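>>> any chance you could fold what I've pasted below:
(chains A and B)
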Number of protein chains: 2
Amino acid sequence: MSRPAPADVRTVACIGAGTIGGGWAAYFLARGYRVVAWDPAADGAPRLRHLVQQAWPALTDLGLAEGASIDNLEVEPGLAAACAQADFVQESAPEVIDLKRTLLAEIDAATPADVVISSSTSGFAMSEMQDRCAHPERTVVGHPFNPPYLIPLVEVVGGRATSPDAVAWASDFYRHAGKSVITMDHEVPGFIANRLQEALWREALHMVAAGEATVEQIDLSITDGPGLRWPVQGPMLTFHLAGGQGGMAHMLDHFGPSLQSPWTRLVAAELTPELRDAVVEGCEREAGSRTIDDLVAERDRGVIAVLRALGRA
Amino acid sequence: MSRPAPADVRTVACIGAGTIGGGWAAYFLARGYRVVAWDPAADGAPRLRHLVQQAWPALTDLGLAEGASIDNLEVEPGLAAACAQADFVQESAPEVIDLKRTLLAEIDAATPADVVISSSTSGFAMSEMQDRCAHPERTVVGHPFNPPYLIPLVEVVGGRATSPDAVAWASDFYRHAGKSVITMDHEVPGFIANRLQEALWREALHMVAAGEATVEQIDLSITDGPGLRWPVQGPMLTFHLAGGQGGMAHMLDHFGPSLQSPWTRLVAAELTPELRDAVVEGCEREAGSRTIDDLVAERDRGVIAVLRALGRA
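As a prediction, this is how the structure comes out:
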């Protein structure tokens, strides 16, 4: 078996050197990996080196892994040569489905059997992309957020032909490499975070289109408003606290009807008893032994730290 | 004229002492104001004092204004007595339209003529609430975010009968009191930030209802994903950078069609040339003299500061 243990990965192939692929390359270099990269563009190599150099001060500031160096980056002239050396492949090609399907088949053919191939796709399901691969069982989605060298989240999910082992291996590997991983047990278009930010983004476009807010007002409303809470507590815990001591249960039982207000263009979910209970129980599970007061204190410490860190306290 | 200059406000009346009203009281006390509060509940006074005490360590940590003290809080047994002393009134009653309409009329009758009365409502338009007031021209919405003692944003907007002077005065006063103010020139249901976070929240409920994500996955996807960028750069600038050197123009011209992907339940705005130009020009205006590289460097510094502040670097 040619698949190394997640902790034994040494060489990562980064296929595609745009903003995301370059960001991944910088991240893996900073974590001490050797990176072999390939991009079909004539200026792919210099562009990749620019992206890595742009990210490097930030990564140095955060602390490099032992042995980490920009010198561990090699740009290969051929896709096959890059993949042949890989203990793990991160594909970050443009979001064009036919391109992805063809490219994944080429990567699959060139990569040692069993080595996991992960796609950065932000919207396609692996089931749509893996069908031309001879070994689709080792192909997964590993969806990062821009910039991949700073934002911890990676959403991992397999396709119909992916083996659960490959999904588990990729999740372990990303965690070992310092990422925060959400492993999804089935494919959802847009995964999780993208659907959420996409809903916000679509609403923002509607507001600009309707003359309800300017671009600047939209950004200020987030950076100086709910955006300050979101690195600390997600939208669910945020509303758990908006309900006061009664938490999410109070929130849903009392403000649930206002969900039907025509505030956004998105039709609200029907607040069935089952949904109500699932949300309340989820918040309670997430809170664990922390009381509402504990969570309020945590949020306050977090928001203060964020305000101070940004020089706005 | 009984309306003081924004800088001369000494006494703020906080009407309603729930999570939001209590948070406002704590904030105004920390900024050195005298606060007279009123709440109809039998346990209103002790609950308010609990809320203020809970917020006080955070506010002390951030730095109190000269003379600021919890001792400057007085809880009045009657609404009229509280309003009679006020240089400014912040109403934070429950979100029930008839209650708000009646309460605002009572506040209006008890408050010195010309003193601005501001409602914390998160969803109602002032035009719906001010109709029973004898002096509706001094009623505005001043919509805060939870917790009002930490989150800077206040959205200010008047109703049909509100005078532009009152809107300008309230905006100046909140700024003087240390808030980040968005002054809206017309009423939009849910204002700006609420519509945006409401879109995200509705999508989250849909995902839970459909079994696509758990409450914990939704929160983690935001706290460890896009939520880390949002205190630094709002959703528009975020996508301006997702487009690489081409910025928002590249983003819309190349990824615009994928807006039509069925990622969320929210129907996408039609990307007309006018909308495309409004968004691109808005981003360029917001960026000002900063290049894409400048913005990337700013974002990276900000995200690193946030990660470090939260002990996650």
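>>> get me the contact residues on the stretch 51-200 of chain A for chain B.
Neighbours of chain B within the stretch 51-200 of chain A, by CB under 8 Å from any CB of the partner chain: A:54-55, A:58, A:61-63, A:95, A:123, A:145-147, A:150-153, A:155, A:180, A:182, A:184, A:188-200. Every residue, glycine included, has its C-beta placed from N, CA and C.
>>> so who does the most far-flung residue of chain A relative to its centre touch?
Residue farthest from the centre of chain A, counting by CA atoms, centre = their mean, is residue A:254 at 33.7 Å. Listed by CB atoms under 8 Å, 6 or more residues apart in numbering or on different chains, the contact set of residue A:254 reads A:243, A:246.
>>> and the gap between it and residue A:299?
Counting by CB to CB, to the nearest Å, the gap from residue A:254 to residue A:299 is 21 Å.
>>> next: residue A:191.
26 Å.
>>> settle it for me: which of the two has more neighbours?
A count of neighbours by other CB atoms under 10 Å in any protein chain shown puts residue A:191 above the other of residue A:191 and residue A:299, at 27 against 21.
>>> what sits opposite the spatially closest residue to that one that is not a sequence neighbour in the beta ladder?
Sequence neighbours aside, residue A:155 is the residue nearest to residue A:191 in space, at 4.3 Å (criterion: CB to CB, 6 or more residues apart in numbering or on different chains). On the basis of DSSP bridges, residue A:155 is bridged to residue A:143, residue A:182.
>>> residue A:155: what's it in contact with?
A:141-143, A:181-182, A:184, A:191-193, B:221.
>>> repeat that for 7 Å
Contacts for residue A:155 were tallied using CB atoms under 7 Å, 6 or more residues apart in numbering or on different chains; they are A:143, A:182, A:184, A:191-193.
>>> could you work out the most separated pair of the residues you listed?
Using CB to CB, the contacts of residue A:155 reach their maximum pairwise distance at A:184 and A:193, which is 11.1 Å.
>>> ok, and the closest non-adjacent residue to residue A:238?
The nearest residue in space to residue A:238 (CB to CB, 6+ apart) is residue A:229, at 5.5 Å.
>>> I misspoke; the intended subject was residue A:185.
With CB to CB, 6+ apart, the residue lying closest to residue A:185 is residue A:157, at 7.9 Å.
>>> over to residue A:146?
Distances taken as CB to CB, 6+ apart place residue B:242 nearest to residue A:146, at 5.5 Å, with adjacent residues excluded.
>>> same question, residue A:149
residue A:27 (4.0 Å).
>>> what do you get for residue A:286?
Residue A:286's closest residue in space is residue B:216 (CB to CB, 6+ apart), at 5.0 Å.
>>> now residue A:58
residue B:300 (4.3 Å).
>>> any idea which element the one you found lies in?
helix B:292-309 (DSSP states H and E).
>>> that helix: how far from the chain's middle?
24 Å (CA atoms, centre = their mean, to the nearest Å).
>>> any residues touching it, and which ones?
When contacts are defined by CB under 7 Å, 6+ apart, helix B:292-309 is touched by residues A:54, A:58, A:61-62, A:147, A:150, A:231, A:305-306, A:308-310, B:228-229, B:231-233, B:237, B:241, B:245, B:247, B:287, B:313.
>>> just the buried residues of these.
The neighbour-count test (16 or more other CB atoms under 10 Å in any protein chain shown) marks A:54, A:58, A:62, A:147, A:150, A:231, A:305-306, A:309-310, B:228-229, B:231-233, B:237, B:241, B:247, B:287 as buried among the contacts of helix B:292-309.
>>> need the residue closest to the centroid of chain A.
In chain A, the residue lying closest to the centroid (CA atoms, centre = their mean) is residue A:144, at 3.2 Å.
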